[in-house]
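1. sequence below, structure please.
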Amino acid sequence: MLYWFFVKTLSPIARRRFNPTCVGVENIPRTGGAIIAANHLAVIDDAVIPMTSPRMVHFMGKAEYFEGKGIKGRFKKWWFTQAGVFPVDRSGGSKSLGAMETARKIIEDGHVFGIHPEGTRSPDGRLYRGHTGVARLAMETGAPIIPTALIGTRDIQAPGQVMPGKGKVTVIYGTPIEVERREPDAITHEAIRELTDEMMHRIQQMSGQEYVDTYAQVYKKMLKEQGGNPSQAQSEPSQA
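-> Model (predicted):
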């Protein structure tokens, strides 16, 4: 696994551009399965977390990253695999569930799984409603959830910007939310929604973002239907 090679060789370069400050790293358990649940502001979020975490963090990645053809396609697949990323088919259904099964195995094998509960990058810097998959994983595995706030990443890498600029980012690892393991048939929708909302509330407290009680994907669709006018879409956020 070349994960640590990438972290050790690329981090010094990235640190000179991002100047990351890390708070609460002691909240990441030294051993055992755990879930890092973070807000999502920029593509570089998934680089900043490994730079500041003392343990390897496994992330999901779009299936397209692993399906390219030719030398370039094979290189991308090798790169993401070695970096601890595994594919997720975002079309939904059983294909997406396969990625969650992989995540479950990672956690049960005693590793750290990283995920963004919003499901996609924030379209405007606000914090959006969390999906319940994180809470379900935690309940089915008994793994603690470490609510994590990323601050400043959007300032140095705006939406659509390929190469991040220079700036300062902060990563805050919050106090773990301890979760009791439950049998799948004993997990209710109300329980996972309550845990999800608690997790998002903790992230919001640390990040200082305005909270929007709708899914980011719903908001993005609304923007698209309204011709990309944020002011119209922000007036009445839907309850998804």
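
2. leaving out chain neighbours, which residue sits closest to the residue nearest in space to the middle of the chain?
-> When C-alpha atoms, centre = their mean is applied to the chain, the residue found nearest the centroid is His116 (2.3 Å). Excluding the flanking residues, the one nearest His116 by C-beta to C-beta, 6 or more residues apart in numbering is His40, at 3.7 Å. Every residue, glycine included, has its C-beta placed from N, CA and C.

3. so how far is Gly61 from that neighbour?
-> Distance of His40 to Gly61, computed by C-beta to C-beta, to the nearest Å: 13 Å.

4. those two: which has the busier surroundings?
-> Of the pair His40 and Gly61, His40 is the one with more neighbours under other C-beta atoms under 10 Å, namely 21 against 18.

5. now do the contacts for that one.
-> Listed by C-beta atoms under 8 Å, 6 or more residues apart in numbering, the contact set of His40 reads 116, 118, 120-122, 150.

6. show me where pLDDT drops low in this protein?
-> Within the chain, the set of residues satisfying pLDDT under 70 comprises 1, 62-63, 65-66, 76, 79-80, 82-83, 87, 89-97, 228-240.

7. for it, what spans make up the strands?
-> 21-23, 34-38, 57-62, 85-88, 112-115, 127-128, 145-151, 170-173, 211-212 (DSSP state E).

8. can you check what angle separates the third one from strand 34-38?
-> Interaxial angle, strand 57-62 versus strand 34-38 (axes from the mean of the first three to the mean of the last three C-alpha atoms, to 10 degrees): 60 degrees.
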